[in-house]
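> Model the structure of this input:
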Amino acid sequence: MKRILLIVLITLFIVCGVGVIFLMVRYPVKTPAQTPQIQKVNTTSGTEPKTEKSTSIYTIADVAVHNTQDNCWLVIKGNVYDVTISISKHPGGADVIIKNCGKEVTSIFTSIHSNKVWDLLGEYLIGMYQGAK
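Numbers count the residues shown, from 1 in each chain. Next up, the predicted model:
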C-alpha cells in the first residue's frame, strides 16, 4: 500500500512539474525590459538624440499618408503603430483595419480588443503622436 501511494505521489509531482514548465514556456512573465517604452523626443532642435529606445514623434499629417493596405499606420492612445504586416492576420478581417489606416482609432480599438491584444500591439510601435494629450 505504501509503495502504491509513493508511486502515485511521485507521478503527481512529475505531472505538476511538467505542467508548470509548460505554462512558464507558453506564458512567460514580461520584464520591464521586454515592455515597449515610449520616450518623448524633442524635435524642435532638428536633431534627434541617438538613444537606444529613441522613438519619433508624428503628426496626424505624417500618419495620414500611411493609409493603404501596403502601408498602414494607426494612432492608438497617443502612440503610432505600423500595423501593415498584421493586416492579413487580423481575426476581424483585413477590411476593418484598411478602412482605418492613417487615422486615430483609440475609441474603436479600446471598445473591441482585450488586454492580450494590447500586448501584441507593442510589437508594432514606431513612435508617439504629437497631438496626444
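
> measure S114 to V63 for me?
Separation of S114 from V63 (CB to CB, to the nearest Å) stands at 24 Å. Bear in mind the C-beta positions are built from the backbone N, C-alpha and C, glycine included.

> Neighbour count: these two, which is higher?
V63 (23 against 8; other CB atoms under 10 Å).

> mind listing what the more buried one touches?
When contacts are counted by CB atoms under 8 Å, 6 or more residues apart in numbering, V63 touches 73-75, 80, 102-104, 129.

> try it again with 7 Å
By CB atoms under 7 Å, 6 or more residues apart in numbering, the residues touching V63 are 73, 75, 80, 102.

> Please identify which helix or strand holds the first one.
Element membership of W73 [criterion: DSSP states H and E] is strand 71-76.

> hmm, who's touching the worst-scoring helix or strand of the chain on mean pLDDT?
Lowest by mean pLDDT, DSSP states H and E among the helices and strands of the chain is helix 115-121, with a mean of 82. Applying CB under 7 Å, 6+ apart, the contact partners of helix 115-121 are Y81.

> how about the strands in the chain?
In the chain, the strands defined using DSSP state E lie at 56-58, 67-68, 71-76, 79-82, 103-104, 125-129.

> Please spell out which residues along the first one are buried.
Across strand 56-58, burial judged by 16 or more other CB atoms under 10 Å covers 57-58.

> That strand - which strands sit beside it in the sheet, and in what orientation?
The pairing partners recorded for strand 56-58 under DSSP bridges are strand 125-129 (parallel).

> Just the angle for the partner strand relative to strand 71-76, thanks.
Relative orientation of strand 125-129 and strand 71-76, computed by axes from the mean of the first three to the mean of the last three CA atoms, to 10 degrees: 50 degrees.

> quick one: strand 125-129 to chain centroid distance?
Offset of strand 125-129 from its chain centre (CA atoms, centre = their mean, to the nearest Å): 12 Å.

> as a whole number, average confidence for the longest helix seen in the chain?
Counting by DSSP state H, the longest helix found in the chain is helix 2-26. Across helix 2-26, pLDDT averages out at 85.
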